[in-house]
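Chemist: Quick one: sequence plus predicted model below, questions after.
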Amino acid sequence: MKLLFTIFFMVVAASAHASSDFDGNDMLKGCEKLVQLPENPEAVDFDSGLCAGVISGVIHASQFAGFEHGTKLFCIPEGVPIIQLARIMNKHLNESPEVLHVSAGALTTFAFSRQYPCE
């Protein structure tokens, strides 16, 4: 358990440093646009790309940490599309407006660890 918290802290710290300018407000704005893409392809812009990029980056960082230390922060099932992950972020961020000032990477890691815990 101690290793899990250490890995979580490392990912959060790295995410906070790498995306210190991007917080939950930016993530919410981008993920709201990203989930509109199937119906509105013109919604592709920097904000929707930010959401997709942070999600992808957090997933890859978690996979790397899992390979290196044998502990995963979350376990997203195979085949979950990025649009679904963006919807999860929207739900989490809309339900927790008090944390929107936190870095996008940290919030994404937290939301996925709650939604997709490893068994």
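Modeler: That came through fine. Numbers count the residues shown, from 1 in each chain.
Chemist: Chain neighbours aside, what residue packs nearest to residue 25?
Modeler: Distances taken as CB to CB, 6 or more residues apart in numbering place residue 100 nearest to residue 25, at 4.8 Å, with adjacent residues excluded. No exception for glycine: its C-beta is placed from N, CA and C like everyone else's.
Chemist: Give me the neighbour count for the one you found.
Modeler: With neighbours defined by other CB atoms under 10 Å, the count for residue 100 comes to 16.
Chemist: Correct me if wrong: it contacts residue 93.
Modeler: Yes - counting by CB atoms under 8 Å, residue 93 is a contact partner of residue 100 at 6.5 Å.
Chemist: what sits in contact with each of those two?
Modeler: 24, 28 (CB atoms under 8 Å, 6 or more residues apart in numbering).
Chemist: Quick check, pLDDT for the residue lying closest to residue 102 once chain neighbours are set aside.
Modeler: Leaving aside its sequence neighbours, residue 102 sits nearest to residue 24 (CB to CB, 6+ apart; 5.7 Å). Listed pLDDT for residue 24 reads 97.
Chemist: what sits against residue 24?
Modeler: Residue 24 touches 93, 96, 99-102, 104, 107, counting by CB under 8 Å, 6+ apart.
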